[in-house]
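Visitor: Quick one, what's the 3D model for this:
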Amino acid sequence: MGFRALRVINEDRVAGGQGFGTHGHRDMEIISYVLDGALAHKDSMGTGAVIKPGEVQRMTAGTGVTHSEHNASKDQRVHFLQIWILPDRRGHQPGYEQRAFPEAERRGKLRVLASPDGRDGSVSLHADVALYGGLLDGDDAVTLPLAPGRHAWVHVARGSVEANGEALGPGDAIALSDEPAVTLRAGRGAEVLVFDLA
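Guide: Residues are numbered from 1 along each chain as shown. You can find the predicted model right below:
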C-alpha cells in the first residue's frame, strides 16, 4: 500500500518495440524516470514525448487521463521507474511536465527533481512531496536534513550506497521516520532517489 503519499515504484524493463498500450488513470501524480534507453509517451492531452536518462516526466492524472508508454527503440531495451504519488486532493486538472537534469547537477549531490512549488527548476507536484536524485561514488557523502515530522524513502535505482548506516544494493529501499536527516555515503556507481514526505 506504499509509504505515506508514495504509492508505488514500478521498475520496468521493456524490450525493443514493446510497451504498455493505452490505459487510464485518475487522481494520481505519475513520475517516469528512465535509467537506460528511451521511453515514448503519448496521452489524451495531446502530449507526445520521448523520455531519456536524466529527464523526469510528471503527469497529473487528475480528473482522468489515458496514456501509453512504449520503448522508443526497435532493438534496445528501455529500463525505467514509474512512480505513483497520491495527490493533495482529488479532481486536479490533468497536466504534463518534463525536464532534463544534467548529470553534473546530480553528481555527488542531491538535486531536487520534483516539488510542490517547482523550486529550482524541478517539475511541480500536487502533493507535499519533494523528490531528490543523486549520483554517488567513492568518497561522495551527502546529507538531506528532514524537518520535524517529515519522513523519507530512499530508493537505490542502481549501484550500492549506505543510507543512514544501512547498506543498500540495486532495487533496495529504506523508509525513515523520526530521523533528523538522510545521510548517504560509500556509493559504488549509485543512482539514488530520495523522497521527502509529509
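
Visitor: got the residue ranges for the helices in this protein?
Guide: For the chain, the helices defined by DSSP state H cover 103-106.

Visitor: Which residue ranges make up each domain of it?
Guide: With domains defined by automatic domain parsing, the chain comprises 6-100, 103-197.

Visitor: end-to-end on the first one?
Guide: Distance between the two ends of domain 6-100: 22 Å, counting by CA to CA, to the nearest Å.

Visitor: how about the longest strand anywhere in the chain as CSV, C-alpha atoms only?
Guide: Scanning the chain for the longest strand, with DSSP state E as the assignment, gives strand 181-197. C-alpha atoms of strand 181-197 as CSV (Å, rounded to 0.1, in the frame of the first residue of the first chain):
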residue,chain,number,x,y,z
ALA,A,181,18.4,13.7,8.2
VAL,A,182,19.1,11.3,5.4
THR,A,183,22.8,10.6,5.0
LEU,A,184,24.2,8.8,2.0
ARG,A,185,27.8,7.6,1.7
ALA,A,186,30.1,4.9,0.3
GLY,A,187,28.4,4.8,-3.0
ARG,A,188,29.5,2.5,-5.8
GLY,A,189,28.0,3.6,-9.1
ALA,A,190,24.9,4.6,-7.2
GLU,A,191,21.9,6.3,-8.7
VAL,A,192,19.6,7.2,-5.8
LEU,A,193,16.2,8.7,-5.4
VAL,A,194,15.2,10.3,-2.0
PHE,A,195,11.6,11.2,-1.3
ASP,A,196,10.9,13.8,1.5
LEU,A,197,7.3,13.0,2.6
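
Visitor: that older thread, which of the domains of the chain has the lowest average pLDDT?
Guide: If the domains of the chain are sorted by mean pLDDT, domain 6-100 sits at the bottom with a mean of 94.

Visitor: Just give me how far it sits from the chain centre.
Guide: Relative to the chain's own centre, domain 6-100 is displaced by 11 Å; criterion: CA atoms, centre = their mean, to the nearest Å.

Visitor: Done for today, thanks.
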